[in-house]
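1. coords please:
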Amino acid sequence: MDINFDAQQQNVFREIQRNLALMCADNTRKSALSLFTRKTTHSGIYLYGDVGRGKTTLVKHIFDQLHITKQRYHCDTFFAELHRALQSKDINTLADDIHHQFRVIWIDELQIYDIATAMLLRRLIPALIAHHVIVLMTGNIAPDDFYKGGLNREQFADFIPYFQEHFYCLPLDGAVDYRLQLKAAQASAPLKQNPHFWLASPAATCEMESVFESHAQGATP
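-> Prediction:
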């Protein structure tokens, strides 16, 4: 599939590629060699901005070209799996398990809904860094606003400067919402040529039901 990135997306694309290459190189250096080379202090990349700006598409294009062990997760699935795994393992064991399977993981659509998830992220990221796992993240919220207004946020707040120190935090906040362009193109096409796609989320469920009802026009499902 041909992808035409706009100027800002191209700049961010190159920045992610450059930083990811540096991190991958650091992870493969021998300890003796590292005494004579300058290492990057970063262990991850966080791309954030408003919805519809192409964050997931951009990172997917880079992620698909990586020829190393890797895994992509949706945020909700990732944290649900971790919460279950923590019933029988500690956080360092989980990080070590991930390290032995993947050099790079990508957590898409980052959302921090509650203090349990916030504290899990606070513990997990340092453990992954200690195990030399490179972490890619995409989300809508700037790091300073992580879990903003959340209950007991003060327990989580000290993690934010740590995150900003160890992650390249790159904004993607162009003026174009590409979702609206896609919806406009779909609306002008015949229904049978007008597929819809959603990531699993409460908001997507509401939108899907609305589209279904508009096509059903009152008919009983």
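2. Let me know whether V51 touches N140 as I believe.
-> Yes: between V51 and N140 there is a contact under CB atoms under 8 Å: 5.9 Å. Where you see a C-beta, it was placed from the backbone N, CA and C, and this is true even at glycine.
3. Which segments of this protein make up each domain?
-> Domain ranges of the chain: 7-171, 178-216, per automatic domain parsing.
4. how distant is the first one from the center of its chain?
-> Here the centre of mass of C-alpha atoms in domain 7-171, compared against the chain's by CA atoms, centre = their mean, to the nearest Å, lies 7 Å away.
5. how near is D158 to Q164?
-> 12 Å (CB to CB, to the nearest Å).
6. ah, wrong one, I meant G150
-> As judged by CB to CB, G150 and Q164 stand 18 Å apart.
7. Same check on F13?
-> Relative to Q164, and taking CB to CB, F13 is found at 22 Å.
8. what about the two, which has more around it?
-> Using other CB atoms under 10 Å, the more surrounded residue of F13 and Q164 is F13, with 19 against 14.
9. still on that earlier bit, who has more neighbours out of V51 and N140?
-> More crowded of V51 and N140, by other CB under 10 Å: N140, with 15 against 11.
10. To what extent is D144 buried, counted in neighbours?
-> Neighbourhood size, D144 [other CB under 10 Å]: 12.
11. ok, now M23?
-> 22.
12. cool, Y113 as well?
-> 12.
13. where's it, which helix or strand?
-> Secondary structure assignment for Y113, by DSSP states H and E: no helix or strand.
14. Okay, it and L151: tell me how far apart.
-> Relative to L151, Y113 is positioned 11 Å away (criterion: CB to CB).
15. Now R72. Its backbone dihedrals?
-> phi -110, psi 140 (degrees, to the nearest 10).
16. For it, give the beta-bridge partners.
-> Beta bridges link R72 to W106, judged by DSSP bridges.
17. ok, it - contacts?
-> Contacts here follow CB atoms under 8 Å, 6 or more residues apart in numbering; on that basis R72 touches 60, 63, 105-106, 108.
18. Recalculate using a threshold of 7 Å.
-> R72 makes contact with 63, 106, 108 under the criterion CB atoms under 7 Å, 6 or more residues apart in numbering.
19. Next: C75.
-> 107-111.
20. if I've got this straight, Q65 is in a helix?
-> No: per DSSP: H, G, I helix; E, B strand; the rest coil, Q65 lies outside any helix segment and is coil.
21. now the biggest helix by length in the chain: mean pLDDT?
-> Looking across the chain with DSSP state H, the single longest helix is helix 7-28. Averaging pLDDT along helix 7-28 yields 89.
22. now, among the contacts of R72, which is nearest to L136?
-> Of all these, L136 sits closest to W106, with 4.1 Å by CB to CB.
23. Quick check: the closest one vs M137, distance?
-> According to CB to CB, W106 and M137 sit 7 Å apart.
24. Give the residues shared as contacts by those two.
-> In contact with both W106 and M137: no residue, using CB under 7 Å, 6+ apart.
25. Quick one: the helices in this protein, in order.
-> Assigned by DSSP H, the helices in the chain fall at 7-28, 31-34, 55-63, 75-85, 91-101, 115-130, 159-166, 178-187, 202-216.
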